[in-house]
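# Generate coordinates for the sequence data below:
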Amino acid sequence: MPFSNTAFTITQEQLKTPTKKTALITGGSSGIGLHTAILLHSLGNNIVLIDRQPPSTTAPEPSKAPQSLLSSSRFLFHRADITSWVEQRAGFEAAIKKFGKIDLVYVNAGIAEYGDQFFKEELEPSTKLLKEPDRRVIDIDLQAADDTVRLAIHYLRRNGKDTGGSIVMTASLAGYLASAGAPLYSAAKHGVVGLMRALKNDTATLGIACSVVAPAITLTPIISGRKEGQSLQDWAEKMRAQGVPINSPEEIARAVVWLFGQGMGGNGKGLLVQAGKVADLEAGIAKTRGQWMGEEMLALFRGGRQAPLFPNKL
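All right, here's what the predicted structure looks like:
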């Protein structure tokens, strides 16, 4: 029987776990990260947010943080630029100092495509040669995310194999189906998916689950393409009228918390979220290898899988 990847919905009422854990979230002061923090806090978890600015109490939704989180003894904000290894590492150390350990890490900080780095012909004034491209998208969305994962493994493995922990990374629909208008963002998010796939077997031996959530268009502050003065809600209504599936940040937060709640059962999952519906793309890709690789190529791949090309370091 052909594999069927049926979409499902995650409601807040379904989420009973995790609880009594310490969760560290990068880029947690607004959007998806903040809503994930609010939801995890409501389940009784300690929350550590690492970001350049603390959550705002005056910004309009979806960035408004309730005082119940900001005034809680189970909350810590640490200011850091995640492109700095030293600053990001200090955030993990601050979490350990306040709460004693880290159980959950949400690798969430990121930015949207920045400018046109491939087709806009900008020249250096002095040399009249092609100007060096702006690499901030790769620096933040991939390299800084790599750093967060490296730090997460270091601190989570301290808990021991039986306790371990979970790492969830924010990828994107663009990490599976590249967006023609966002080449560097797409490349970075493909990199996040690839990182999870390459690490999941090794992290599992440490008792650490590794997974990704892949949102389609979601109403967060990084949304681009809006007219000046146009609100996120007005923009969303216009897009939905044209048939574009739109997520709320709460819907992505529920998917992230659901992954955390699965424990090791969440390892290797890649949840696509569109219009609030969820499907595990990694399961679909694994089940249909014979179709997209071809049976001959799949057999060749399996035959060479055990070759010691990249020896395991664990």
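
# what about the helices in this protein?
Assigned helices in the chain, in chain order: 31-42, 67-70, 85-99, 136-138, 144-156, 183-205, 232-241, 249-261, 281-287, 289-293, 295-304 (criterion: DSSP state H).

# ranking the ones you listed by mean pLDDT, which is last?
When the helices of the chain are compared by mean pLDDT, helix 232-241 comes last with a mean of 73.

# quick one: that helix to helix 249-261, angle?
Calculated by axes from the mean of the first three to the mean of the last three C-alpha atoms, to 10 degrees, helix 232-241 forms an angle of 90 degrees with helix 249-261.

# Quick check: nearest residue in space to the spatially most central residue of the chain, chain neighbours excluded?
Centroid-nearest residue in the chain, with C-alpha atoms, centre = their mean: Thr170, separated by 1.2 Å. Computed as C-beta to C-beta, 6 or more residues apart in numbering, the closest residue to Thr170 that is not its neighbour in sequence is Asn108, at 4.7 Å. Placement of C-beta: from N, CA and C, glycine included.

# quick one: contacts for that neighbour?
25-28, 32-33, 36, 169-170 (C-beta atoms under 8 Å, 6 or more residues apart in numbering).

# Most widely separated two among the residues you listed?
Taking C-beta to C-beta as the measure, these span a maximum distance of 13.9 Å, between Gly28 and Met169.

# shared neighbours of the two, which are they?
Counting by C-beta under 8 Å, 6+ apart, the residues touching both Gly28 and Met169 are 106, 108.

# how many degrees apart are the longest strand along the chain and helix 31-42 in direction?
With residue count as the measure and DSSP state E as the assignment, the chain has strand 208-215 as its longest strand. Direction vectors for strand 208-215 and helix 31-42, defined by the same axes, to 10 degrees, enclose an angle of 130 degrees.

# The helices of the chain: which one's closest to Glu113?
helix 183-205 (4.4 Å).

# What are the buried residues along the closest one?
The neighbour-count criterion (16 or more other C-beta atoms under 10 Å) identifies 183-193, 195-196, 199-200, 203-204 as the buried residues of helix 183-205.

# Please apply the same query to stretch 128-147.
Of the residues in stretch 128-147, those with enough neighbours to count as buried (16+ other C-beta under 10 Å) are 137-138, 140-142, 144-145, 147.

# quick one: contacts of that stretch?
For stretch 128-147, contacts defined as C-beta under 8 Å, 6+ apart pick out 26, 82-83, 85, 88, 107, 109-115, 117, 121-124, 169, 184-185, 187-189, 191-192, 195.

# Selection in ChimeraX covering whichever of these are buried, please.
Buried residues within these, by 16+ other C-beta under 10 Å, are selected in ChimeraX with:
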select :26,82,88,107,109,110,112,113,114,117,169,184,185,187,188,189,191,192,195
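
# Including distance to Val213, could the helices of the chain go into TSV?
TSV is the format used below for the helices of the chain (distance: least, C-beta to C-beta, whole Å):
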stretch	distance to Val213
helix 31-42	8
helix 67-70	21
helix 85-99	20
helix 136-138	19
helix 144-156	13
helix 183-205	10
helix 232-241	20
helix 249-261	5
helix 281-287	11
helix 289-293	23
helix 295-304	27
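
# The ones you listed: which one's closest to Pro215?
When the helices of the chain are compared by C-beta to C-beta, helix 249-261 sits nearest Pro215, at 4.9 Å.

# Give me the contact list for that closest one.
Residues from elsewhere that reach helix 249-261 (C-beta under 8 Å, 6+ apart): 10-12, 14-18, 21, 23, 31-32, 34-36, 38-40, 43, 62, 104, 106, 166, 168, 209, 211, 213, 215, 218-220, 266, 269, 271, 273, 276, 278.

# hmm, which of those are the buried ones?
Members of those that pass the buried threshold by neighbour count (16+ other C-beta under 10 Å) are listed as 10, 15, 18, 21, 23, 31-32, 34-36, 38-40, 43, 62, 104, 106, 166, 168, 209, 211, 213, 215, 218-220, 266, 269, 271, 273, 276, 278.
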